[in-house]
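Trainee: Sequence and predicted structure, then a few things I'm wondering about:
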Amino acid sequence: TAANLRMYSFYAIGGLILLAALVSLIDRNTDQLSDLSFLMFVLSFMVMIVADFANSHDLLTAGPSSENLVDIGWIFSWLLIGLAAIIQGLSVTRKKGYFLFQKMLSRQVDLLRNSFSYIIYVYFFIAYLVLVQNYITPNMYSLYFNLVGVGCILALAVVLQIITHRENNTLYNRISTALGQTRQQSAELSKINHSLQIEVNERKRAEEQLSHDAMHDWLTGLPNRLLFSDRLERAIEYTQRRNEFPFAVFFLDLDHFKVINDSLGHHTGDQLLISVANRLHGCLRSSDTVARLGGDEFVMLVENPKGSDTISQVTVRILDELSKPILINGQELHITASIGVVLSVDGYQCPDDVLRDADIAMYRAKALGKARVEVFTPDLRSRAVSRLELENDLRQALEQGEFFLHYQPIIDLVSNQITGVEALVRWKHPRRGILLPMEFIPVAEETGLMVPLGKWILLEACAQLKQWQTSLPSAQKMMINVNISGRQLLQA
């Protein structure tokens with residue numbers, strides 16, 4: 001009837017108004033729109049569409065009335081709209097009740113959000129079934145009903161497209177933001193990694209420099225005692241495993257280097273040491289090692305010498321290089337060196353023992369006149385030990401009064417009378433017996449003990465002469481001869 005048609009028209013207009021409100025909310029995309037409120041509003045719209053379709057079906061088909069269900073649907077729809085408004089108000093004012101309600105319905109809201117797209121397709125299917133039924137049982141309102149049904153389907157399709165577009169835009173914005181943040185973080189990480197790599201490289205270079213400085217001489221750049229001892233230890237171990245792999249160690253000390261330092265200055269002395277280091281390095285192979293122990297002392301390790309690199313030939317090359325003048329600051333300097341050589345045939349176990357024996361051989365070369373080479377033998381070690389013991393005993397002998405004098409008479413061959421005596425010192429050693437001057441005087445000269453010993457000899461000889469002159473009339477004109485050391489003549 002015309003009345004029913006007008007009523008249905010009002011329902012359709014109301015539905016379109018709600019649809020316009022829904023589209024407006026979807027398209028606004030404001031941060032103040034609560035997701036829970038929005039879903040409640042969408043749900044109320046769907047319930048209202050179902051109620052309107054049921055009422056329209058009753059009016060058009062004049063079938064069994066379902067007014068109670070329709071009324072319940074409308075009431076429920078408007079209740080949902082009111083609930084959506086309340087939730088939105090609580091969300092905007094950030095009331096505590098909103099968060100409690102959202103926590104209670106969080107799972108339902110997530111389920112509704114995930115199934116929303118599928119619900120719309122269910123509406124499409126229901127609308128399609130209604131159109132099919134209307135086609136099978138046509139009535140006077142079929143064209144109008146078809147138009148309304150198609151319009152509803154199109155409206156739902158528009159809603160679905162808008163929702164999909166909104167979700168796509170949101171997802172796109174999130175992805176773009178995430179990609180931007182990722183790029184920014186990647187750039188920051190790249191900068192951090194670059195800075196860390198620079199820092200790691202700097203630390204690595206610093207560690208390498210520290211390791212190099214710890215193992216090398218600061219002046220010449222040669223290996224120091226620590227690195228030389230390490231290489232010598234490896235050579236000893238290799239020699240123990242393979243007897244046919246010998247080695248030799250050269251201990252070199254420059255002669256009269258202190259004179260150059262004192263006369264020309266330490267800077268010239270340093271330049272001289274650098275030149276000597278370069279020359280010694282040029283005398284050896286790349287597999288050999290030359291190191292500076294300190295001061296003017298150098299050591300060289302020659303491993304497995306063969307052919308033109310035999311020990312004697314290496315020695316000749318070293319002496320030949322050192323014999324050439326060295327030009328420093330326009331001044332020619334000539335130097336010599338005393339060299340001690342140790343061979344691996346003695347079965348060494350420790351690098352310190354090798355260096356000790358090489359040092360002994362070097363001092364033997366100095367004692368024999370300097371500017372020469374001396375090869376170590378076990379006899380030199382025995383001499384060195386005996387000399388050290390003799391030096392220690394000599395210091396104690398002065399304190400304990402173990403020295404005494406013998407007097408050799410000086411006779412006038414004409415008158416056959418004693419005209420004087422010569423005082424000769426003897427040492428009554430507690431273990432070795434009576435020692436003659438030739439056995440201890442050289443040690444006393446080298447160690448400086450000759451000055452106090454010579455003073456004692458002179459005083460003791462003068463006291464003895466005074467005693468003779470007092471007790472013997474024939475000794476009134478007697479002379480006494482005392483040997484004086486050159487070190488004593490240097491004393492004031």
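Mentor: Cool, the structure landed.

Trainee: show me where pLDDT drops low in the stretch 351-492 of the chain?
Mentor: Scanning the stretch 351-492 of the chain for pLDDT under 70 picks out nothing.

Trainee: in this structure, which helix or strand is least confident?
Mentor: Ranking every helix and strand in the chain by mean pLDDT, DSSP states H and E puts helix 96-104 at the bottom, with a mean of 55.

Trainee: measure residue 475 to residue 406 for me?
Mentor: 17 Å (C-beta to C-beta, to the nearest Å). C-beta here means a position set from N, CA and C on the backbone, and glycine is covered the same way.

Trainee: which of the two has more neighbours?
Mentor: residue 475 (17 against 12; other C-beta atoms under 10 Å).

Trainee: in the stretch 101-250 of the chain, which spans are strands?
Mentor: Along the stretch 101-250 of the chain, counting by DSSP state E, counting those that start in this stretch, strands occupy 247-254.

Trainee: Let me fix that, I meant to ask about the stretch 251-400 of the chain.
Mentor: 289-294, 297-303, 326-328, 331-333, 337-343, 373-375.

Trainee: by contact count, what packs against the second one?
Mentor: The contact analysis (3 or more C-beta pairs under 8 Å, 6 or more residues apart in numbering; DSSP states H and E) places strand 297-303 against helix 225-241, strand 247-254, helix 266-283, strand 289-294, helix 311-323.

Trainee: who wins for proximity to residue 234 among the strands of the stretch 251-400 of the chain?
Mentor: Among these, the nearest to residue 234 by C-beta to C-beta is strand 297-303 (9.3 Å).

Trainee: Next, the angle strand 289-294 makes with the closest one.
Mentor: 160 degrees (axes from the mean of the first three to the mean of the last three C-alpha atoms, to 10 degrees).

Trainee: phi, psi of residue 472?
Mentor: With angles defined as degrees, to the nearest 10, residue 472 sits at phi -120, psi 120.

Trainee: where's it relative to residue 464, distance?
Mentor: 12 Å.

Trainee: ok so, going back, out of the helices and strands packed on strand 297-303, nearest to residue 55?
Mentor: Of all the helices and strands packed on strand 297-303, helix 225-241 comes closest under C-beta to C-beta, at 102.2 Å.

Trainee: Can you read off the pLDDT for residue 41?
Mentor: Listed pLDDT for residue 41 reads 73.

Trainee: State the distance from it to residue 360.
Mentor: 106 Å.

Trainee: who has more neighbours, these two?
Mentor: Per other C-beta under 10 Å, whichever of residue 41 and residue 360 has more neighbours is residue 41, with 24 against 21.

Trainee: Name the secondary structure element that contains the more buried one.
Mentor: Per DSSP states H and E, residue 41 falls inside helix 35-61.

Trainee: Tell me, what's the model's pLDDT at residue 162?
Mentor: 72.

Trainee: what do you get for residue 249?
Mentor: 94.

Trainee: need the contact list for it.
Mentor: 232, 299, 300, 301, 302, 341, 342, 354, 355, 358 (C-beta atoms under 8 Å, 6 or more residues apart in numbering).

Trainee: Would you tell me which one of those comes nearest to residue 261?
Mentor: Using C-beta to C-beta, these come closest to residue 261 at residue 299, 20.5 Å.

Trainee: Please look at that closest one and residue 253 and confirm they touch.
Mentor: No. Using C-beta atoms under 8 Å, residue 299 is not in contact with residue 253, being 10.0 Å away.

Trainee: more crowded one of the two?
Mentor: residue 299 (27 against 20).

Trainee: which residues touch stretch 276-295?
Mentor: Under C-beta under 8 Å, 6+ apart, the answer for stretch 276-295 is 217, 219-225, 227-228, 231, 252, 254, 257, 273, 298-303, 309, 314, 317-318, 321-322, 324, 326, 335.

Trainee: What's the local residue count around residue 210?
Mentor: 10.

Trainee: tell me the angle the helix with the most length in the chain makes with strand 289-294.
Mentor: Looking across the chain with DSSP state H, the single longest helix is helix 142-215. Orientation check (the same axes, to 10 degrees): helix 142-215 against strand 289-294 gives 70 degrees.

Trainee: quick one: helix 142-215 to chain centroid distance?
Mentor: Computed by C-alpha atoms, centre = their mean, to the nearest Å, the chain-centroid distance of helix 142-215 equals 37 Å.

Trainee: swap in stretch 383-402?
Mentor: With C-alpha atoms, centre = their mean as the basis, the mean position of stretch 383-402 lies at 52 Å from the chain mean.

Trainee: Could you export the longest strand seen in the chain as PDB, CA atoms only?
Mentor: Among the segments of the chain that qualify as a strand by DSSP state E, the longest is strand 417-429. Coordinates of each C-alpha in strand 417-429 appear next as PDB, following Å, rounded to 0.1, in the frame of the first residue of the first chain:
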ATOM      1  CA  GLN A 417     176.200  -4.700  52.900                       C
ATOM      2  CA  ILE A 418     172.400  -4.400  52.900                       C
ATOM      3  CA  THR A 419     171.600  -0.900  51.700                       C
ATOM      4  CA  GLY A 420     167.800  -1.200  51.500                       C
ATOM      5  CA  VAL A 421     164.900  -3.500  50.900                       C
ATOM      6  CA  GLU A 422     161.900  -3.800  48.500                       C
ATOM      7  CA  ALA A 423     158.500  -4.400  50.000                       C
ATOM      8  CA  LEU A 424     156.500  -7.200  48.300                       C
ATOM      9  CA  VAL A 425     152.900  -8.000  49.200                       C
ATOM     10  CA  ARG A 426     151.600 -11.400  49.800                       C
ATOM     11  CA  TRP A 427     148.100 -12.700  50.500                       C
ATOM     12  CA  LYS A 428     147.500 -15.500  52.900                       C
ATOM     13  CA  HIS A 429     144.200 -16.900  51.400                       C
END
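
Trainee: Show me which positions of the very next helix or strand once past that strand end up buried.
Mentor: Helices and strands here follow DSSP H and E; after strand 417-429, the next one along the chain is strand 433-435. Residues of strand 433-435 classed as buried by neighbour count (16 or more other C-beta atoms under 10 Å): residue 435.

Trainee: which residues does residue 384 contact?
Mentor: 360, 363 are the contacts of residue 384 under C-beta under 8 Å, 6+ apart.

Trainee: Relative to residue 260, how far out is it?
Mentor: Residue 384 is 28 Å from residue 260, by C-beta to C-beta.

Trainee: do residue 478 as well
Mentor: 50 Å.

Trainee: what does residue 344 give?
Mentor: 34 Å.

Trainee: likewise residue 207?
Mentor: Taken as C-beta to C-beta, the span from residue 207 to residue 260 is 37 Å.

Trainee: which one of those two has more residues nearby?
Mentor: residue 260 (19 against 10).
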